[in-house]
Structure formats: structure tokens, C-alpha cells
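Novice: sequence first, predicted model second:
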Amino acid sequence: MLLLPILIIFALEICVLKTSNAIPNQSVQKWDPNACTLIVCGPAQNGLPGRDGRDGKEGPKGEKGSQGLQGVPGLKGDPGNAGTSGPKGDKGPLGEKGVKGERGLQGATGQEGKPGIAGAPGPKGDKGSVGEKGAKGSNGDRGLQGSSGLQGLKGQIGSPGPKGDKGSIGEKGTKGDSGLSEINLLKRQVSTLEGQLRALQSSFSKYKQVITFPNGRIVGEKIFMTSGYEGNFESLKQRCSQAGGQLASPRNAAENTAIHQIVALYNKPVFLGINDIQTEGRFKYLNGENIVYSNWEPREPNNDKGAEDCVEVYTSGKWNDKSCGERRLIVCEF
């Protein structure tokens, strides 16, 4: 029993010697008084560990070392993500007025535009001065011979002349008509004269009404006249009828030219006596006959907005379908 304590003491001494002669870089297990009373130092088989060096004095502080060389600049980092937009800044002061620029080159002429819609009629102009007297026209063709006039009254009986010599006997004549046939002939002549008189009275009445219009054109047996009055289709039609005529209804290019001259003189479009009120797209004269001549503007008639049933003449002489409620210049034909 005495041998065991001796061996323990011997082991402790050997451990102290081993610790003092240990290599500086060798790891040493420290003594921790709060843990165990015995800590193995180095290899366990070499003996018990000695005390740690906490009881030793602290060594002197070393001198400050020289500043090291400046390091190599690092590489430029990747650009950061765009930040959120900041609030809108205040409105800046108004800048100075710039210098007026030079005038640019004139552009190319554009395409001719479509004819504009006829404007509202302007005020009636002053009466123009009387033009110079025109040159005397050439003599017209001789007219047809008129019918024989009525037989004149029987003249007074003259004084008897001297008795003449007896003539030779003539050939036997044809048998004459009876007195009844002569009466029938006179009746026929009187009837013919009465018809001519009625025609003359009608023509005189017509021309008397025509002269109430100041301007007009004559084409063949037709006369186209205007009074300067403006109204819708129905009122124009009624006015022409009251004057013994009707709304101008051209049946050929010559008559359309005469109407165009009046339109150009007044610089106002006119309504014609033509419409498609009864059947859309089928234009007719006022008497119900289909038209035999037309002079439409390109892409007309188009019945714009489904309300164009009457026909107007532009200042160019071309036709366009138009609403009958519009106001236009009157042109009648006689």
C-alpha cells in the first residue's frame, strides 16, 4: 500500500521536468484550478502537467512597427443598381426668347383639293353700269311665209267705162263649185286664223311675263331667266310656275352652258328641275320623264347622309346632288 503514493509523487516530478524542457512551439495544456486538480501535459504517458504561467509578470510592450507598403488598388466594382426616381423638381425659370429663324424653302405645290361646299349667298350687289352697244348682228334667215290674210271690204263701184268690142267666143270652162263649198272654205280659213291668233296671244302673254326677269339666255326655242330670288326647291318650282315657266331642266350641253353662264354671272349655284325624290338614284324631270342628259361632278351623285334628292349646278357648270331644303338661286325656263 505504501508503494502507490510513492509512484504518484515520482510521476509529478517527472512531469515538471518535462514541462520546463519542452519545445517552445509545443502545445501545452494549461492548469485550470476550477476544473480538475490534475491535467495531463503533452503525451499522457510522460507524466502530470505543471502549473500554468498566470503568476508570471507581464513582459514589456514592443515598439510600434513601421508603416507597411501601400496595397495595390483593387479592381473597379460592378455598377450598382439604379436607385428609385427622386421627386419632381420645381419648374425652372423661363428661358430667353430665341433668335427668329430664317425663312424655309417653299414647299412643293400640293394636289388640287376637292371643290368646297358652296358658301352662303352674299348680299345683292349694286346694279352695274350699262355696257356698250354691241355690233349689229347679221340678218337672220327669212321666215316662212305667213298664211293669207282676210279678204278686204268690197270697194265702191266705179264709173262705167266705154263699151268694148265683142270678143271671140272662148272655150267652155269647167263646172264651178257650188256656193256652199265657198262657205266651208271661208269657215276653215277663219278657224285657222283664230288658232293663230290664240297662239300669238299666248306667246305675247309669255314674253310679257319673261320680261319681268332682268337676265337670261336664249338657246333655240328656250329662254333661261333669273330674277335673283333664292329659295328652296319647292319655292323655286312654284315661282317659275307662277311666271308661266318651270325650273330650268337642261336636255343638252348647249342648254346646260346657258344655265352655267347665269350661275357664273351671279356666282351662286342653282337648283335644276330634276330630282330622284320618288326613286333613289333614278333622276327625272318635273314631268316624270327620265333625264336624257347629265353633267355630274366626279364621284357624284352620292346621296350624302341619305338626304340629297335634288340637283344643283356649281359655278363650274358641273352637277351635284343636294338636299332640297337648301336655298339656291332661281333659274326658270320658258
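Specialist: Yes, it's here. Numbering: from 1, shown residues only.
Novice: walk me through the domains of the protein.
Specialist: Split into domains by automatic domain parsing, the chain comes to 3-46, 200-333.
Novice: tell me the SS of residue 223?
Specialist: strand (DSSP: H, G, I helix; E, B strand; the rest coil).
Novice: now residue 103
Specialist: coil.
Novice: now do the contacts for it.
Specialist: The contact partners of residue 103, by CB atoms under 8 Å, 6 or more residues apart in numbering, come to none. In short, each C-beta sits where N, CA and C put it, glycine included.
Novice: model confidence for it, exactly?
Specialist: Listed pLDDT for residue 103 reads 79.
Novice: least confident of the domains of the chain, on average?
Specialist: domain 3-46 (a mean of 48).
Novice: now do the strands in this protein.
Specialist: 215-219, 222-226, 230-231, 246-247, 270-275, 284-285, 310-313, 319-322, 328-329, 332-333 (DSSP state E).
Novice: so which of the ones you listed comes closest to residue 81?
Specialist: strand 319-322 (68.1 Å; CB to CB).
Novice: please enumerate residues in contact with the closest one?
Specialist: So strand 319-322 is in contact with 271-272, 276, 294-297, 300-304, 308-314, 328, going by CB under 8 Å, 6+ apart.
Novice: one more pass at 6 Å, please.
Specialist: For strand 319-322, the external contacting residues (CB atoms under 6 Å, 6 or more residues apart in numbering) are 295-297, 300-301, 308, 310-312.
Novice: count of neighbours near residue 235?
Specialist: 14 (other CB atoms under 10 Å).
Novice: count the residues that sit near residue 266.
Specialist: 19.
Novice: tell me the spacing between residue 248 and residue 331.
Specialist: 4 Å (CB to CB, to the nearest Å).
Novice: now do the shared contacts for those two.
Specialist: 224, 259.
Novice: of the strands of the chain, which is nearest residue 72?
Specialist: strand 319-322 (90.4 Å).
Novice: which of the contacts of strand 319-322 sit farthest apart?
Specialist: 295 and 308, at 16.5 Å, using CB to CB across the contacts of strand 319-322.
Novice: so between those two, which is more surrounded?
Specialist: residue 308 (21 against 17).
Novice: the closest residue to the more buried one other than its chain neighbours pairs with what?
Specialist: Closest residue to residue 308 apart from its sequence neighbours, by CB to CB, 6 or more residues apart in numbering: residue 321 at 4.1 Å. The residues listed as beta-bridge partners of residue 321 by DSSP bridges are residue 311.
Novice: burial measure for residue 321, as a count.
Specialist: 23.
Novice: before we move on, back to that, nearest to residue 108, of the strands of the chain?
Specialist: Proximity to residue 108 (CB to CB) singles out strand 319-322 among the strands of the chain, at 29.8 Å.
Novice: buried residues in that closest one?
Specialist: 319-322 (16 or more other CB atoms under 10 Å).
Novice: which single one of these is nearest to residue 162?
Specialist: Nearest to residue 162 among those, with distances taken as CB to CB, is residue 319, at 82.1 Å.
Novice: ok, that closest one to residue 295 distance?
Specialist: Taking CB to CB, one finds residue 319 at 5 Å from residue 295.
Novice: picking that back up, buried among the contacts of strand 319-322? Make that a ChimeraX selection.
Specialist: Selecting the buried subset of those in ChimeraX, with 16+ other CB under 10 Å as the burial test, is done by:
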select :295,297,300,301,308,310,311,312
